[in-house]
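J.: turn this into a structure:
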Amino acid sequence: MDGQATLDVFEPAFDVWRTGGAPATPLVFASPHSGRCYPQEMMAAAALDAAAIRGSEDAFVDELIAAAPTVGASLIAARYARAFVDVNREAYELDQAMFEETLPEFARGRSARVAAGLGSIARVVADGQEIYARKLSFAEARRRIEVAHRPYHAALAELVAEAVAEHGFAILVDWHSMPAAAARMAGRGRGCDMVLGDRFGSSCAPLVTATVERELMAFGYQVARNAPYAGGYTTEHYGRPARRVHALQIEINRALYVQEKTLARTEGFERLRADLESLARRLAEFDWRRLR
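T.: So this is what the prediction gives:
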């Protein structure tokens with residue numbers, strides 16, 4: 001492949017679910033890493049098989065929060081896999097070592113995420129294995145960004161703006177899942193079921209984090225804050241409390257609902273899904289007027 005080939009699959013970049021008319025609540029839910037579309041041309045360049053690459057997915061998170069629109073929250077879920085393009089990164093957060101030519105000056109190659117092999121085009125999967133058997137061209141990266149990253153964020157920004165216009169503020173909740181090993185490291189080594197990331201208090205008002213934490217604990221979940229996940233690009237980029245946009249990242253321990261090696265759902269899946277529907281309802285009914 002010469003690097004100029006177009007995508008063989010033109011999936012929509014995302015799915016969006018809204019309540020009819022104006023947003024019923026200020027809540028916007030997002031699932032950036034649950035996409036399961038792996039275009040053939042990506043797999044043709046890969047050194048790993050699909051099963052190995054799927055280990056990087058936040059498997060089924062979109063399904064866990066699928067009921068959110070029924071209680072008034074807008075919901076967006078990425079369709080493309082995060083290994084194809086990670087929409088929870090800056091668009092051109094790229095690793096020069098992955099590419100056959102020198103990247104443009106606007107590419108951001110010096111970040112902790114790139115150093116870890118997890119830029120917008122990931123170099124490795126979750127367990128550190130190299131994804132690709134060859135170097136990519138910048139044209140391939142640019143194509144992925146234009147097909148998936150830009151449309152996703154255009155839609156997400158629109159949902160946030162709609163919430164602000166209707167309610168005077170927006171609360172963006174960015175949903176993820178984490179390996180059980182990472183969950184065991186959280187909570188000062190005590191382990192946890194959920195990690196709330198608010199960029200150490202900078203991406204949302206304390207009321208948002210405290211309310212979500214209280215509600216999750218009422219369901220019996222162990223909750224930690226900001227370690228080992230304080231929030232990624234989405235939380236950092238959209239979270240502007242001074243501009244009435246509050247962003248919170250939630251990481252769910254995968255051991256609660258899937259077998260990590262096979263991604264098969266466990267008996268815990270339905271309980272977790274029901275609890276997250278109840279959480280969404282409680283957040284939708286909460287009096288957030290102090291955020292205006």
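
J.: for this protein, what are the low-confidence residue spans?
T.: For the chain, the stretches flagged by pLDDT under 70 are 1-10.

J.: residues contacting the residue positioned nearest the centre of the chain?
T.: In the chain, the residue lying closest to the centroid (C-alpha atoms, centre = their mean) is Pro32, at 3.3 Å. Neighbouring residues of Pro32 by C-beta atoms under 8 Å, 6 or more residues apart in numbering: 58, 78, 82, 86-88, 152, 174, 176, 234. All C-beta atoms are positioned from the backbone trio N, CA, C, and that covers glycine.

J.: how about it, phi and psi?
T.: Note on Pro32: its backbone torsions stand at phi -80, psi -20 [degrees, to the nearest 10].

J.: closest to Glu100 among the contacts of Pro32?
T.: Of all the contacts of Pro32, Asp86 has the smallest distance to Glu100: 20.5 Å, by C-beta to C-beta.

J.: got the contact list for the closest one?
T.: Contacts for Asp86 (C-beta under 8 Å, 6+ apart) come out as 32-33, 118-122.

J.: quick one: it and Ala122, what's the gap?
T.: 6 Å (C-beta to C-beta, to the nearest Å).

J.: just Asp174 next, same as before
T.: 18 Å.

J.: still on that earlier bit, mind listing which of the contacts of Pro32 are in helices?
T.: Assigned to helices by DSSP state H, the following of those qualify: 152, 234.

J.: count the residues that sit near the spatially closest residue to Lys135 that is not a sequence neighbour.
T.: Excluding its sequence neighbours, the residue lying closest to Lys135 (C-beta to C-beta, 6 or more residues apart in numbering) is Glu100, at 4.2 Å. Residues near Glu100, counting by other C-beta atoms under 10 Å, number 11.

J.: please apply the same query to Ala44.
T.: For Ala44, using other C-beta under 10 Å, the count is 12.

J.: could you measure from it over to Phe60?
T.: For Ala44 relative to Phe60 (C-beta to C-beta), the value is 26 Å.

J.: same check, this time on Phe138
T.: Taking C-beta to C-beta, one finds Phe138 at 33 Å from Phe60.

J.: next one: Ala122
T.: Counting by C-beta to C-beta, the separation of Ala122 from Phe60 is 20 Å.

J.: all helices of the chain, in order?
T.: 40-44, 50-53, 61-64, 112-115, 138-144, 150-167, 180-185, 206-218, 233-238, 268-285.

J.: quick check: which of those is nearest to Pro12?
T.: helix 150-167 (7.9 Å).

J.: the closest one - contacts with which helices or strands?
T.: Judged by 3 or more C-beta pairs under 8 Å, 6 or more residues apart in numbering; DSSP states H and E, helix 150-167 is in contact with strand 14-17, strand 27-31, strand 74-78, strand 170-178, helix 233-238.

J.: what about that helix, distance to the chain center?
T.: 16 Å (C-alpha atoms, centre = their mean, to the nearest Å).

J.: for stretch 256-273, same thing?
T.: In terms of C-alpha atoms, centre = their mean, the centre of stretch 256-273 is found 18 Å from the chain centre.

J.: and that stretch, what's buried?
T.: 256-258, 265, 269, 272-273 (16 or more other C-beta atoms under 10 Å).

J.: redo the residues you listed as JSON lines? Include distance to Tyr92.
T.: Output for the buried residues of stretch 256-273, formatted as JSON lines (distance: C-beta to C-beta, whole Å):
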{"residue": "Leu256", "distance to Tyr92": "34"}
{"residue": "Tyr257", "distance to Tyr92": "34"}
{"residue": "Val258", "distance to Tyr92": "32"}
{"residue": "Arg265", "distance to Tyr92": "36"}
{"residue": "Phe269", "distance to Tyr92": "36"}
{"residue": "Leu272", "distance to Tyr92": "35"}
{"residue": "Arg273", "distance to Tyr92": "35"}
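
J.: and the two most separated of the residues you listed?
T.: Most distant of these, by C-beta to C-beta, are Val258 and Arg273, 12.0 Å apart.

J.: contacting residues around the nearest residue to Arg225 once chain neighbours are set aside?
T.: Among residues not flanking Arg225 along the chain, Leu196 sits closest, at 5.1 Å (C-beta to C-beta, 6+ apart). Contact analysis of Leu196 by C-beta under 8 Å, 6+ apart lists 209, 212-213, 223-226, 248-250.

J.: circling back: for Asp15, state which of the contacts of Pro32 is nearest.
T.: Ala78 (8.5 Å).

J.: isn't the closest one right up against Val61?
T.: No: judged on C-beta atoms under 8 Å, Ala78 makes no contact with Val61 at a distance of 10.2 Å.

J.: which of these two has more neighbours?
T.: For Ala78 versus Val61, neighbours defined as other C-beta under 10 Å are more numerous around Ala78 (30 against 25).
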